[in-house]
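Novice: sequence and predicted model, in that order:
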Amino acid sequence: MTAMFDLTGTTAVVTGARRGIGFAMAEALAVAGADIIAASAGQEEDGGEIGRRVRELGRGFEGHRVDFRDREAVTAFGAAVAGRTDILVNNAGTIRRAPAAEHPVEWWDEVLDVNLNSQFVLTQQIGTSMIERGRGKVIFTASLLSFQGGINVPGYAAAKSGISGLTKALANEWAPLGVTVNAIAPGYISTDNTEALRGDPDRSQAILARIPAARWGRASDLGGATVFLASAASDYVTGVILPVDGGWLGR
């Protein structure tokens, strides 16, 4: 059974792997045997903490600094890694908080470029190579706001709803070609993205009261789902948005 989750000999591209959820995803994939190519806007030349951790696990590591607002930079990165990527984890993201009536259009554009547009561009490039080889695993980071509207984050909600639709659209086209496409929808995880919520006593308590697991999630809670969707164990799973949310959506 454990062989089904063994990723030895594979290479995984993980965007946004420098910290938080992306770090945990990359670490889990490395534990399962994958070599890691990490890309983030602030990725250190030596890989920083995620590079050290992957190498400690005995896996290969390669780091790239990529601004996911920059279409040319994303395209160049995709061209550099497409032919050697077995697993693509689209996790890079950003969030801007302001009421919709006051939300700067520049913020809207930034969030859509990073969280949706760049992810399509990168997945198109890497996915084309996967199709040519007849195998591959694509995993997006969706959100609870792929299902709900949220408050004060219109661009983020739109982008994450788009990720849900993109996951299903690509899955429909690529499943017959040997490539599965799925997404993980994290719940309320204790990361930089949720710092503003956790710092608001009323919002934090209201959120915690609705989570059946009775705690905020940890980035490491995403590791098992990532390995599952990257491994042979999920070969007949595609087009799925998998919540890892402590039961939030079932409440």
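Specialist: Good, I have the coordinates.
Novice: Ala101 - how many residues pack around it?
Specialist: Applying other CB atoms under 10 Å, we find 6 residues neighbouring Ala101. For the C-beta atoms, the positions are set from N, CA and C on the backbone; glycine is no exception.
Novice: count of neighbours near Gly42?
Specialist: A count of neighbours around Gly42, defined by other CB under 10 Å, yields 11.
Novice: checking it next. Helix, strand or coil?
Specialist: coil (DSSP: H, G, I helix; E, B strand; the rest coil).
Novice: so it makes contact with Arg18?
Specialist: Yes: contact criterion CB atoms under 8 Å: Gly42 and Arg18 qualify, at 5.9 Å.
Novice: can you pull the buried residues of the strand or helix carrying Arg53?
Specialist: Arg53 is part of helix 48-56, with elements assigned from DSSP states H and E. Within helix 48-56, the residues scored as buried using 16 or more other CB atoms under 10 Å are Gly48, Ile50, Gly51, Arg53, Val54.
Novice: which residues does the second one contact?
Specialist: What that stands for is Ile50. Ile50 is in contact with Ala17, Arg18, Arg19, Phe23, Ala26, Glu27, Ile36, Ala38, Phe61, Gly63, counting by CB atoms under 8 Å, 6 or more residues apart in numbering.
Novice: which parts of the stretch 1-150 of the chain are helices?
Specialist: Here the stretch 1-150 of the chain has its helices, by DSSP state H, counting those that start in this stretch, at 20-31, 48-56, 71-81, 105-112, 118-133.
Novice: what's the closest of the ones you listed to Gly199?
Specialist: Closest approach to Gly199 among the helices of the stretch 1-150 of the chain (CB to CB): helix 20-31, 16.3 Å.
Novice: list the helices and strands the closest one packs on?
Specialist: Counting contacts by 3 or more CB pairs under 8 Å, 6 or more residues apart in numbering; DSSP states H and E, helix 20-31 packs against strand 11-15, strand 35-40, helix 48-56, strand 87-90, helix 223-230.
Novice: Ile21 versus the nearest residue to Gly223 once chain neighbours are set aside, what's the distance?
Specialist: Using CB to CB, 6 or more residues apart in numbering and skipping residues adjacent in sequence, the residue nearest Gly223 is Ala28, 3.1 Å away. Distance, Ala28 to Ile21, by CB to CB, to the nearest Å: 11 Å.
Novice: out of these two, which sits in the busier spot?
Specialist: Remark: of Ala28 and Ile21, Ile21 carries more neighbours, 29 against 23, as counted by other CB under 10 Å.
Novice: the more buried one and Ala142 touch, don't they?
Specialist: No: contact status for Ile21 versus Ala142: not in contact, 11.4 Å apart, counting by CB under 8 Å.
Novice: from Ala206, how far out is Leu166?
Specialist: Leu166 sits 30 Å away from Ala206, going by CB to CB.
Novice: so these two - more neighbours on which side?
Specialist: Neighbour count, other CB under 10 Å: between Leu166 and Ala206, Leu166 has more, with 20 against 11.
Novice: coming back round to it: what residues are up against the residue nearest to Gly223?
Specialist: Per CB under 8 Å, 6+ apart, neighbours of Ala28: Ser220, Leu222, Gly223, Gly224, Thr226, Val227.
Novice: what helices and strands are in contact with the lowest-mean-pLDDT helix or strand in the chain?
Specialist: In the chain, no helix or strand scores lower on mean pLDDT, DSSP states H and E than helix 195-198, which sits at a mean of 79. Secondary-structure packing of helix 195-198 (3+ CB pairs under 8 Å, 6+ apart): helix 201-210.
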